[in-house]
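Colleague: What would the 3D arrangement of this be:
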Amino acid sequence: MNLSDSFRSDKQMSADEERMVDDYIFLPLVCMALDHDKKVLDAAPLKFKSSYQMVMDQAIRKVRADIRANKNEIFDHHIRMTRMSWLQYDAVMRGQLFHVQYSRPDANERVNRRIGKYL
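Modeller: Below you'll find the predicted structure:
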């Protein structure tokens, strides 16, 4: 524990809480993007389609497993998430309300980066 952690304001999310909230918001978007890409891949005339399909299926299964794990972690930490709009959420934790909002370009970059990790 470093010195800055001991003086952290209760009005801020911890790094672990931020990670859980980010995962809650972006993992479903990653899954939607991979599902869309899989449909496009299925319709494409490729020579080695089964290999690509296998990679996509593995990535989608891993994302779905991570979504389940994240939801359990959110529940265990007593965090309540409410979707206000496409990229805007309210998170209630430790009796405090946190507004979480992302711009579209930032969200696109985060989803793209996460897809790269799964593939």
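Colleague: Figure out the helix or strand that the residue of the chain most remote from its centre lives in.
Modeller: In terms of distance from the mean C-alpha position of the chain, residue 47 ranks first, at 32.5 Å (CA atoms, centre = their mean). Residue 47 belongs to no helix or strand when assigned by DSSP states H and E.
Colleague: Numbering from 751 from now on, please.
Modeller: Happy to do that; since the first residue is 751 now, the last one works out to residue 797.
Colleague: Just read off the phi/psi values of it.
Modeller: Main-chain dihedrals, residue 797, degrees, to the nearest 10: phi -70, psi -40.
Colleague: any idea of the pLDDT on it?
Modeller: For residue 797, the model assigns a pLDDT of 88.
Colleague: cool, residue 758 as well?
Modeller: Listed pLDDT for residue 758 reads 42.
Colleague: I'd like to know which elements the one helix or strand residue 839 maps to is packed against.
Modeller: Secondary structure from DSSP H and E places residue 839 in strand 838-843. For strand 838-843, the packing partners by 3 or more CB pairs under 8 Å, 6 or more residues apart in numbering; DSSP states H and E come out as helix 765-793, strand 830-835, strand 846-851. C-beta here means a position set from N, CA and C on the backbone, and glycine is covered the same way.
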